Each structure stands twice: as C-alpha cells, then as structure tokens.
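Q: okay, structure incoming, though there's no sequence with it:
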C-alpha cells in the first residue's frame, strides 16, 4: 500500500471550488495557494483523517472523501444565497410583505 492520499485530477476542480466558496462566504477572498488548503491538507495526511478551518475530512482507499462542515453559520449563509432566501419552513420574503 502507498502512503498518504492524493486528490484525483478530475475532482480537484470541485474540491477547490467548495474551498473557495467557504473562503468567500467568510469574507476571506479566495484561496491563497495554487491548490488550496483543503487539497493541501488531504495530501498531507497519512491516516486519511484531517481538517482545515472550514472542513473535517476522512479519506478512504476506495477514493471516497467524506467532508464535514465545521462552520454551520457559513452553511446557513450558503443555503440562503443558493436557495434565494426561500428555504424549507421559511416564508417567501417577497410574498411575506405583500398585503
């Protein structure tokens, strides 16, 4: 068995994108390194378990990656932006003020 884990070239773009989104939501601009802290952290661990400021992760030999969000405030912010502020269980803000 080899040591450590590597991010597949075809998935690198997706992992960098989610890392960039969380940096932007936290008003930290975009990632500062070429590949980003999440990819750097994944490739630095030997046992497959690690984390960054925004994520905890676990890598598996079958090439799966499990991500856990550490900053639930940023997840809520992402849901608000991506959902157009109309999340399940919340009133539609445009119609709530209509009389």
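A: Looks like it came in fine. Here the structure is a predicted model, which means the values were calculated and not measured.

Q: contacts and neighbour counts: CA atoms only from here.
A: Noted.

Q: ok, the residue nearest the centre of the chain to residue 77 distance?
A: Here the mean C-alpha position of the chain is nearest to the C-alpha of residue 18 (Cα atoms, centre = their mean), at a distance of 4.1 Å. Relative to residue 77, residue 18 is positioned 14 Å away (Cα to Cα, to the nearest Å).

Q: likewise residue 7?
A: From residue 7 to residue 77 the distance is 27 Å (Cα to Cα).

Q: would you mind listing the buried residues in stretch 27-40?
A: 30-31, 36-39 (16 or more other Cα atoms under 10 Å).

Q: tell me the mean pLDDT over it?
A: What stretch 27-40 shows for mean pLDDT is 90.

Q: who's in contact with it?
A: The contact list for stretch 27-40 (Cα atoms under 8 Å, 6 or more residues apart in numbering) reads 7, 12, 15-16, 19-21, 23-24, 51-52, 55.

Q: which of the buried residues of stretch 27-40 sits closest to residue 68?
A: Nearest to residue 68, judged by Cα to Cα, of these is residue 38 at 12.0 Å.

Q: before we move on, could you check phi and psi at the closest one?
A: Per-residue torsions, residue 38: phi -70, psi -50 (degrees, to the nearest 10).

Q: lowest-pLDDT helix or strand in this protein?
A: Lowest on mean pLDDT, DSSP states H and E among the helices and strands of the chain sits helix 93-96, with a mean of 51.

Q: flag every buried residue along the helix ranked longest in the chain.
A: Counting residues, the longest helix found in the chain (DSSP state H) is helix 9-25. Burial within helix 9-25, assessed by neighbour count using 16+ other Cα under 10 Å, is assigned to 15-16, 19-23, 25.

Q: which of the residues you listed sits closest to residue 63?
A: Out of the buried residues of helix 9-25, the member with the shortest distance to residue 63 (by Cα to Cα) is residue 15, at 13.6 Å.
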